[in-house]
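> from the sequence below, what's the structure:
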Amino acid sequence: MGEHRTHAGSRAVVEVIATLAFVLAVADGFRWGNRWYIAGRWAQTDEDLGHAMLAHAQEAMVRGVVLLLVAVVAAVVAWRMRVAARR
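Here you go, the predicted structure:
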């Protein structure tokens, strides 16, 4: 019975990690979009600043994709833990 509670606690931690990673990935998606838009605006007046902003936009996009992958992996792990606990 103690082992079942430990799995439930571990599963809860993994679910929190999945949820947090997903929320942060969505936030980075918005951050990427905003920076992409601003980079396009600045590129018309100051090309160097536009390229710098574009680099920041790409950084946000990559971080968002990595966080999304972490969220998917954590969700799969939590799902597998839930299935294993029911057996």
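
> list the contacts for residue 57?
By CB atoms under 8 Å, 6 or more residues apart in numbering, the contact list for residue 57 reads 32, 35-36, 39. Just so you know, the C-beta spots here come from the backbone N, C-alpha and C atoms, and that holds for glycine as well.

> starting at the chain centroid, how far to the helix or strand harbouring residue 14?
For residue 14, the element it lies in under DSSP states H and E is helix 2-45. Mean-position distance between helix 2-45 and its chain equals 3 Å (CA atoms, centre = their mean, to the nearest Å).

> next secondary structure after it?
Immediately after helix 2-45, counting by DSSP H and E, sits helix 47-86.

> OK, contacts around residue 78?
Per CB under 8 Å, 6+ apart, neighbours of residue 78: 11, 14-15, 18.

> CSV for the residues you listed, including neighbour count?
Shown next, in CSV, are the contacts of residue 78 (neighbours: other CB atoms under 10 Å):
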residue, neighbour count
11, 18
14, 20
15, 17
18, 20
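
> from those, which is closest to residue 77?
residue 14 (5.2 Å; CB to CB).

> quick check: the nearest residue to residue 61 once chain neighbours are set aside vs residue 42, distance?
Of all residues not flanking residue 61 in the chain, residue 32 sits nearest, at 4.3 Å (CB to CB, 6 or more residues apart in numbering). Per CB to CB, to the nearest Å, residue 32 is found 16 Å from residue 42.

> of these two, who's got more company?
The residue with more neighbours, out of residue 32 and residue 42, is residue 32; 20 against 17, by other CB atoms under 10 Å.
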